[in-house]
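**Q** I would like the atomic coordinates for the input below:
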Amino acid sequence: MRKSAIAMAAAIVAGSLIAGPASAELDRMNLKVVGTWGNLSNWKVNEGPFWQKTMPEVSGGKITADAVPQTEVGIKGFEVMRMLKIGVFDVAHGVVGYIAGEDPIVEGVDLSGVIQNWDDARASMEAYRPIIAERFEKTYGAKLLALYPFPSQLFWCKGDVNSAADLAGKKTRVYTTSMGDFVEGMKGVSVTIAFAEVLPALEKGVVDCGVTGSMPAYQAKWWQVATNAYLMKLGYTATFGAINLGTWNRMSDETKAFVEAQMKEFEDLAWKNNIAEDGMGVICNTGVGGDCTEGQAATMKKVEPSAADDAARKKVLEDVVLKRWAERCGAECVKAWNETIGKIAGVQAPTPK
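**A** A predicted model of the protein is given here:
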């Protein structure tokens, strides 16, 4: 049963950051950390091991963490930064798209249909990092420590979806505003559903398709119901690691430098791991292209987008996704995006009238 926010806040804040006297340059502290979904690789391979094993070891036991995934404490993606802001957690990991509804500027790092390869994904997140960092401080009282991805965000459908045209009329699960814009641009119906609820929604026909990453789709067993893996790429789901500014400001300069250096190593490893498992996610869902290293491969039909499908993606991106986002964000925001991600992706958002 989900804990109430008040009860959880009381329990966690009671054991919050303990900053003792500086010893061997590093503060001694125990951080309250919340990660992403406990059944997916970003938690199991990246976030969990980093906070539960790596950080205590490299700090000589000075920096420890009570780290749990958001699924264990019963909160949802859009609540993570609110909890960080009020001090329930010292450190939070989450998906930018889940909080973008409160701040369309941060939404710009992950607009659906823009980024189509890993090199551009990393370059765009790096270029947009100062903008995200500024908004995190202003909106959430948090310092950005890391930006990293999930695997490619693709369409997983129950029934024949073999082209962009087949998305018309389909009810598709999305989790960001721009994903909804993209689906609607394809003449489909966007439905916002929490990740854990997608499989039963597919079973009951509440949705026909769902968007998520290649390996997350396998790990969440969407293949038990979905039949077609339609590999039109919507992006790579920018994911953050951030620390409450109150917690950060209580650290010594030496400890801050140490934490930043370790988070940079964490970020690099998370990129490496997600890139490595991206193709494997498709293999595990379809059984095509190799042997699944994660278990028994599923038998979904693998559908690669055609040149006509890619042309449809670009048209929807320019005519719907970028126009709607520009209206939400404003001229100054659009200018900053065009000078960073727009330049990298070779596309420009229109200046709103």
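
**Q** okay, stretch 32-46 in CSV with CA atoms only?
**A** Taking C-alpha atoms only, stretch 32-46 is exported to CSV below (Å, rounded to 0.1, in the frame of the first residue of the first chain):
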residue,chain,number,x,y,z
LYS,A,32,18.5,9.6,1.6
VAL,A,33,18.3,8.7,-2.1
VAL,A,34,15.4,7.8,-4.4
GLY,A,35,16.1,6.2,-7.7
THR,A,36,14.0,5.3,-10.8
TRP,A,37,12.0,2.1,-11.3
GLY,A,38,13.2,-0.9,-9.3
ASN,A,39,12.6,-3.5,-12.0
LEU,A,40,14.5,-1.7,-14.7
SER,A,41,18.2,-1.5,-15.5
ASN,A,42,18.9,2.1,-14.6
TRP,A,43,18.2,1.2,-11.0
LYS,A,44,19.4,-2.4,-11.0
VAL,A,45,22.7,-1.7,-12.9
ASN,A,46,23.4,2.0,-12.4
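
**Q** pLDDT (mean, whole number) over that stretch?
**A** For stretch 32-46, the mean pLDDT works out to 96.

**Q** now the strands for the stretch 1-150 of the chain?
**A** 29-35, 63-69, 91-95, 142-148 (DSSP state E, counting those that start in this stretch).

**Q** so which of these is the most surrounded?
**A** Comparing the strands of the stretch 1-150 of the chain by mean neighbour count (mean count of other Cβ atoms under 10 Å), strand 91-95 ranks first with a mean of 26. Backbone N, C-alpha and C define where each C-beta goes, glycine included.

**Q** circling back to that earlier point, of all the strands of the stretch 1-150 of the chain, which one is nearest L202?
**A** Closest to L202 of those is strand 91-95 (Cβ to Cβ; 20.5 Å).

**Q** contacts for that closest one next, please.
**A** Contact with strand 91-95 is made by 31-36, 42, 47, 51, 65, 70, 77, 80-81, 83-84, 142, 145, 150, 175, 237-244, 247, as judged by Cβ atoms under 8 Å, 6 or more residues apart in numbering.

**Q** just the buried residues of the residues you listed.
**A** Listed as buried from the contacts of strand 91-95 are 31-36, 42, 47, 51, 65, 70, 77, 80-81, 83-84, 142, 145, 150, 175, 237-244, 247; burial here means 16 or more other Cβ atoms under 10 Å.

**Q** contacting residues for G77?
**A** In this structure, G77 makes contact with 70, 94-95, 98-99, 175, 194-195, judged by Cβ under 8 Å, 6+ apart.

**Q** redo that, cut-off 7 Å
**A** Contact partners of G77, counting by Cβ atoms under 7 Å, 6 or more residues apart in numbering, are 94-95, 98.

**Q** so which of the residues you listed is the closest to M232?
**A** V95 (19.8 Å).

**Q** how far away is the closest one from W37?
**A** Distance, V95 to W37, using Cβ to Cβ, to the nearest Å: 9 Å.

**Q** list residues touching both of these two?
**A** Joint contacts of V95 and W37 (Cβ under 7 Å, 6+ apart) do not exist.

**Q** now this structure, which segments are flagged as low pLDDT?
**A** Residues of the chain meeting the criterion pLDDT under 70: 1-24.

**Q** care to break it down by domain?
**A** For the chain, automatic domain parsing gives the domain ranges 5-150+236-279, 153-235+287-345.

**Q** any chance of those domains in JSON lines, plus distance to T351?
**A** As requested, the domains of the chain are exported to JSON lines (distance: least, Cβ to Cβ, whole Å):
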{"stretch": "domain 5-150+236-279", "distance to T351": "14"}
{"stretch": "domain 153-235+287-345", "distance to T351": "5"}
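
**Q** ok, back up a step: and the buried ones among the contacts of strand 91-95, which of them are in helices?
**A** The helices, defined by DSSP state H, take in 70, 80-81, 83-84, 247 from those.

**Q** of all those residues, which comes closest to D208?
**A** Q70 (27.0 Å).

**Q** how far away is that closest one from F78?
**A** Distance, Q70 to F78, using Cβ to Cβ: 11 Å.

**Q** again with A127
**A** To F78, A127 is 25 Å away according to Cβ to Cβ.

**Q** closest one of the ones in helices among the buried ones among the contacts of strand 91-95 to I283?
**A** Distance to I283, by Cβ to Cβ, is smallest for Q70 among these, at 27.7 Å.

**Q** hang on, the closest one packs against L40?
**A** No. Q70 is beyond contact range of L40, at 10.7 Å (criterion: Cβ atoms under 7 Å).
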